[in-house]
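>>> Sequence first, predicted coordinates after that:
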Amino acid sequence: MQNNQDTFTEIIDITLYKYNSIDLKLWGIINRDSETTSSGLNSKLVTKERMYQYLNNAFSHDINRFNAVSDVNIHKEATSIYFIWIMFKSMPSLKYIRINLNKNASYNRVVNVDQVKTIKYDIKSLRGSVRMFEMFNPHELGLANSVLIKAGLLDPLEKFKVFKLREFLTSLDLYQSENNTAEILGVTGAFIHSLEQHESDNPEMLLITDWESDI
């Protein structure tokens, strides 16, 4: 598996802009689809599979074009279609996408960083999951569960629990500051390393502790 893959995120939030022709075309397709779900004013929720169909059916020419462009020149070709397509490849656990329509006419995704043009595309993680049996081997799993129980994050024999990610990481930070043995730091460090990239989004996190869970 590639290092840049995000195996945590299952639901994301993105924004399309009314005054961008490609964004507006995609929004029109989504808005006319009876299988999408409204999640608020100018907001729709679609499955990853449905979004994949939109892109393949209506934007195949765009996909072929930016696949042929070098990374150096991608700011000239990058669109919402490009970023959504990249998300399909980099987020294997992705299930749903919430799309918002922004009516601001003055947006610009091209920004200068140290005099180099680059693209800023905001993707927010809304919900994800962590399967502890995929993060730790069987020998480590007992210790990891014990650490979470002692940190007050789990009850004994609890198979799953939902957290706000920032609160979960804060509790781990506090526990490891008071119990900084090598074994405990190994457990807390594994969680922090895996999840800290999502901390600013503060998504809901489903923690699954047991192999036998059907979640």
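In hand now; what should we look at? Residues are numbered from 1 along each chain as shown.
>>> Can you give me the end-to-end span of stretch 22-42?
17 Å (Cα to Cα, to the nearest Å).
>>> With stretch 141-158 instead?
14 Å.
>>> tell me the mean pLDDT for that stretch?
Stretch 141-158 shows an average pLDDT of 93 in the prediction.
>>> Next secondary structure after the helix or strand of the chain with the lowest mean pLDDT?
Taking mean pLDDT, DSSP states H and E as the measure, the helix or strand of the chain with the lowest value is strand 116-119, at a mean of 68. Proceeding N to C from strand 116-119, the next assigned helix or strand is strand 124-131, under DSSP states H and E.
>>> Show me the domain layout of this structure.
The record's domain parsing of the chain by automatic domain parsing lists 9-122, 127-208.
>>> how long is the last one end to end?
The first residue of domain 127-208 is 14 Å away from its last residue (Cα to Cα).
>>> before we move on, back to that, generate TSV for the domains of the chain, with mean neighbour count as supplementary columns.
The way it works is simple: take the backbone N, C-alpha and C, and place the C-beta from them, glycine included. Below are the domains of the chain laid out as TSV (neighbours: other Cβ atoms under 10 Å):
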stretch	mean neighbour count
domain 9-122	15
domain 127-208	16
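>>> The spatially closest residue to residue 152 that is not a sequence neighbour: what's it in contact with?
Nearest residue to residue 152, sequence neighbours excluded (Cβ to Cβ, 6 or more residues apart in numbering): residue 171, at 6.7 Å. Residue 171 makes contact with 151, 152, 153, according to Cβ atoms under 8 Å, 6 or more residues apart in numbering.
>>> which stretches of this protein form helices?
With DSSP state H as the definition, the chain shows helices at residue ranges 21-32, 48-58, 60-67, 80-90, 132-135, 138-150, 165-178, 182-195.
>>> Now find how far off-centre the first one is within its chain.
Right, helix 21-32. Distance of helix 21-32 from the chain centroid (Cα atoms, centre = their mean, to the nearest Å) equals 22 Å.
>>> For that helix, give the mean pLDDT please.
95.
>>> which other helices and strands contact it?
With contacts defined as 3 or more Cβ pairs under 8 Å, 6 or more residues apart in numbering; DSSP states H and E, helix 21-32 has these neighbours: strand 9-17, strand 43-47, helix 48-58, helix 80-90, strand 96-102.
>>> Equivalent analysis for the shortest one, please.
In this structure, helix 132-135 makes packing contacts with helix 138-150, helix 182-195, strand 204-208, judged by 3+ Cβ pairs under 8 Å, 6+ apart.
>>> would JSON lines of the ones you listed with distance to residue 49 be doable?
Converted to JSON lines, the helices and strands packed on helix 132-135 look like this (distance: least, Cβ to Cβ, whole Å):
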{"stretch": "helix 138-150", "distance to residue 49": "32"}
{"stretch": "helix 182-195", "distance to residue 49": "26"}
{"stretch": "strand 204-208", "distance to residue 49": "21"}
